[in-house]
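A.B. asks: got a predicted structure here, sequence first:
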Amino acid sequence: MKEVSFVRKEMLPEQAPPASEVGAIGWARHNLFSTGSTRS
């Protein structure tokens, strides 16, 4: 079987993070709804 590979020559521009990861919703998800295994 023929091996196929790809190397990008230029970087893609940065994108904004998804809304569920920033602001009040992101804070609540990470701090209020996280599992017990991630808390110290």
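C.D. replies: Thanks, I have the structure now. Remember, it's a predicted structure, so these values are computed and weren't measured experimentally. Numbering: from 1, shown residues only.
A.B. asks: what's stretch 14-26 in contact with?
C.D. replies: The contact list for stretch 14-26 (CB atoms under 8 Å, 6 or more residues apart in numbering) reads Arg29. For the C-beta atoms, the positions are set from N, CA and C on the backbone; glycine is no exception.
A.B. asks: pLDDT of it, averaged?
C.D. replies: Across stretch 14-26, the average pLDDT comes to 86.
A.B. asks: run the chain-centre distance for that stretch.
C.D. replies: How far stretch 14-26 lies from its chain's middle: 9 Å, per CA atoms, centre = their mean, to the nearest Å.
A.B. asks: then stretch 12-20?
C.D. replies: On CA atoms, centre = their mean, the centre of stretch 12-20 falls 9 Å from that of its chain.
A.B. asks: measure the residue nearest the centre of the chain to Val4 for me?
C.D. replies: Nearest to the mean C-alpha position of the chain, by CA atoms, centre = their mean, lies Pro17 at 7.3 Å. Distance check for Pro17 against Val4: by CB to CB, to the nearest Å, it reads 31 Å.
A.B. asks: same question, Phe33
C.D. replies: In this view, Phe33 and Val4 are 41 Å apart by CB to CB.
A.B. asks: helix, strand, or coil at the residue nearest to the centre of the chain?
C.D. replies: With DSSP: H, G, I helix; E, B strand; the rest coil as the basis, Pro17 sits in coil.
A.B. asks: all helices for this structure, in order.
C.D. replies: Using DSSP state H, the helices of the chain run over residues 23-31.
A.B. asks: now the phi/psi pair for the residue nearest to the centre of the chain, please.
C.D. replies: Dihedral angles of Pro17 (phi, psi; degrees, to the nearest 10) stand at phi -70, psi 160.
A.B. asks: look up how far Glu3 lies from it.
C.D. replies: Counting by CB to CB, the separation of Pro17 from Glu3 is 35 Å.
A.B. asks: what's around Gly26, how many residues?
C.D. replies: Neighbours of Gly26 under the rule other CB atoms under 10 Å: 14.
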